[in-house]
Structure formats: C-alpha cells, structure tokens
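>>> sequence-free structure coming up:
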C-alpha cells in the first residue's frame, strides 16, 4: 500500500514551524489502505482530521506536537463528560460521520501540549478543553506502540466505536517520562465511551485522573441514546499514577461485561472505582477484576467526595455530605448495579481506606463478591447498602 510522507507535502520537523496544513494535505491525499508517515523530527500542528481506511504511522524519533495557539483548535460539538458539549478540537480527530478501519501506529510520540494550552483554553472558554486523540463512530480501530502525552483534558477518548484494539501504548497525563509534572487537570488516560468489543493490552498509563474510565453517557441524554459500553477487556497493563480502572460516573447508557485481568497498580490511588449515583439511571453489570495488585505509597489524595478507597463502589460519588440511610424515590434516574467480582486481589495503600462499598438505600448494589482478597489501608473495610455481599477468603488490615 502507498505511503505518504508528510515531509513530501512540506511539513518541517524543526519543532517550531506549524505544519497543520501540510500534514492535513498528506492525510487528504491518502488513498484507501494507505499510510501517512511521520518521519523523525518534531512536527508542530493544530487539529488534524483522519478518515476511513488509513494508517497514521509515527516513526520512532518522531513527535506530533500540539500547537501553542488555541485558535489552531476550533470548537466543535463533542460528547464530553456524558453529554454533547462545545469543545476545542483535539490534536487528532474524526468528524461525526461513520468511519471504519483506522490505525495509529509507530514508536513515536503524540503530544497534546496540554500544559501550554490548558490555561488559555480555560481563560478564553470557547469550549471545553480538548483531548490529544478523539475518535468517534468508527468500526475497527487499532492504536498501538505509540506514546500519547499531556492532553489539555482527557488524553485518548473513543466514542461510539466498535472492535477496538489498544496495545502497547504508553499514556502520560500527569508526569512526563522523566517525572516532571504537567500543569493540567481532569487528565484521564483512556476513556471508553459507549463502545463495544474493546481490548486494551500491554499498556502503561501514568494518569493525572482516572487511568482508564468506562462510560456511556449522562442522565437523560445518556438514557435516550442508550448505547452501552460492553465487552471490554483490560489485560497485562501497568498503572503508575492517578486512579485505576473506573466505571462511571457517566454510565446512563449502561456498562456490562468488563474484565480487568493481570494488571499491576503502583502509586495509583485505587484499583477499581464503580460510580453509579442518583440521576444517572442505566446499569453496571458483570464487572470482573482478577489477579491485580496495588502498592500505593502516595498520600496526595485522601478520603473525600472524589475518592473513598483503594477498591471502592460509591453510590454517593461527588457528594461531600450525605446520609446513606435516607432513601430517595425510585425513578428512571435510579441506577442498577449488579454483579461486581473481585478475585485474587492484593492491595496496600498509604492513603485512606482499603475497601469502601456503599450503594444507594433505595436501590442497593447487588451481588458483590470478594474472593481471595488481601487489603491493607489506613482504615479497613466499610460497607453499606449492599444486597448479597460475599466475602470468601478475605483478609483486611488497617493502621487505625
């Protein structure tokens, strides 16, 4: 298949020249099955738009770097935090039409330049902050081998996609590879948003917020669209900062059949966060965390409305004050949580509670199983509003 070298279209890899038009010309010229090739060098760019049946290959030693100018990222309507919102474009985008067969590959770097863009995007507020990569409505997505870094907000966001493979990808949203901290917030690593048949394997994620978040829309809009995230497998991944694998809190279209296996969490604040609160509706069902370890020495975050334990289920996520015994009316906004399994888990945390399990009094979370779990925290295990909690070969210890 034909290769389209961006240098042949006038792109200059000096790290200074903005090459948006030149790179986009190579993408537009790419014929079905072709590859747009980014050679060694640093290529500064504004928003780029991929298309069906193409590969973007970022060579080892190459870096796509987001422009310093927010005007190079025009505002468009995206699904963000569960609802359609006006957002700055991402560095790499797809338009809203259905697409297929898109691959991003290579051993190079895709850098959103979020620490520079963060402040002006917030100040000018022409839309919500952008992502580094946002692919929408695409069947057969492959992202492998690249390093994705420092987004203004979420780093890699997939919406309404099917048949997704993310393999051997490194994501840095909190620190760079040398441990220098970026000046951003809300920096999720990978967000899977109303997607089906997803495989995330052999990845390393050092996140400022959730390392991987699985979502499906928010409140009335999410229920109306009604596209769940389902059949998601996360295997053989390592997590080095932030919060582990989260489900919710935007889950109104439903989340089911998620498997997190053979993963290592180091200085992350949690392995699992299940967040289904009043108003969302929808469901979270058949969620499995298996063969995972956590060793957290960071005390940057302690118990609060956003974080309540190294392994936690939270019906009152984001609520600073609440009464777990006070029932609310059951209606279309009442979420359902049923079938959460933790098997062969070993965790130690220096921050907060080891295990926190709290459903809603009017709709208790159902069928929560902890099997062969060892957990140590500043505090131990708290549970409330769980219907059928099974503890099988569980050992919990605490400092307090």
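That came in fine, so what should we check first? As the structure is a computational prediction, the values presented were derived from the model and not from experiment.

>>> use CA for all of it now, contacts and neighbours both
Fine.

>>> State the distance from residue 252 to residue 366.
The gap separating residue 252 from residue 366 is 18 Å, by Cα to Cα, to the nearest Å.

>>> Looking only at neighbour counts, state which of those two leads.
residue 252 (35 against 18; other Cα atoms under 10 Å).

>>> who touches the more buried one in this structure?
By Cα atoms under 8 Å, 6 or more residues apart in numbering, residue 252 lies in contact with 216-220, 222-223, 226, 280-283, 335.

>>> Now go through the residues you listed and say which are in helices.
Those of these mapping onto helices are 219, 220, 222, 223, per DSSP state H.

>>> Near the nearest residue to residue 75 once chain neighbours are set aside, how many other residues are there?
Excluding the flanking residues, the one nearest residue 75 by Cα to Cα, 6 or more residues apart in numbering is residue 88, at 4.3 Å. As a burial measure, residue 88 scores 25 neighbours (other Cα under 10 Å).

>>> Looks like residue 54 contacts residue 103 (just checking).
Yes - the pair residue 54 and residue 103 passes the contact test of Cα atoms under 8 Å, sitting 6.5 Å apart.

>>> Give me the helix or strand of this protein that scores worst on average pLDDT.
helix 114-124 (a mean of 81; mean pLDDT, DSSP states H and E).

>>> any idea how far it is from the chain center?
Relative to its parent chain, helix 114-124 has a centroid offset of 20 Å by Cα atoms, centre = their mean, to the nearest Å.

>>> Over to stretch 290-302 now: how far is its first residue from its last?
25 Å.

>>> Do I have it right that residue 96 meets residue 138?
No - at 9.4 Å, residue 96 does not count as touching residue 138 under the criterion of Cα under 8 Å.

>>> which one of the two has more residues nearby?
Between residue 96 and residue 138, residue 138 has the larger neighbour count (other Cα under 10 Å), namely 24 against 12.

>>> On the strand side of things, show who the more buried one bridges to.
Here residue 138 shows beta-bridge partners residue 99, assigned using DSSP bridges.

>>> who's in contact with it?
98, 99, 100, 101, 102, 160, 161, 162.

>>> give me the low-pLDDT residue ranges for the stretch 201-350 of the chain?
For the stretch 201-350 of the chain, no stretch has pLDDT under 70.

>>> quick one: the strands in it?
Using DSSP state E, counting those that start in this stretch, the strands of the stretch 201-350 of the chain run over residues 204-215, 229-235, 238-247, 255-261, 264-266, 272-275, 283-296, 311-314, 336-349.

>>> ok, residues contacting the first one?
Okay, so that is strand 204-215. Applying Cα under 8 Å, 6+ apart, the contact partners of strand 204-215 are 82, 168-175, 184-194, 229, 237-251, 254-255.

>>> so what's residue 159 up against?
Applying Cα under 8 Å, 6+ apart to residue 159 gives the contacts 79, 134, 135, 136, 137, 192, 193, 194, 195.

>>> Looking at those, state which has the most neighbours.
Highest neighbour count within the contacts of residue 159: residue 193, with 30 neighbours (other Cα under 10 Å).

>>> Could I get the buried residue list for the helix or strand hosting residue 355?
Assigned by DSSP states H and E, residue 355 falls within strand 353-358. The neighbour-count check on strand 353-358 (16 or more other Cα atoms under 10 Å) flags 353, 354, 355, 356, 357, 358 as buried.

>>> Among the strands of the stretch 201-350 of the chain, which comes closest to residue 119?
The closest of the strands of the stretch 201-350 of the chain to residue 119 is strand 204-215. By Cα to Cα, the value is 16.3 Å.

>>> Would you give the sheet partners of the closest one, along with the direction of each?
Applying DSSP bridges, strand 204-215 is found paired with strand 170-172 (parallel), strand 190-193 (parallel), strand 238-247 (parallel).
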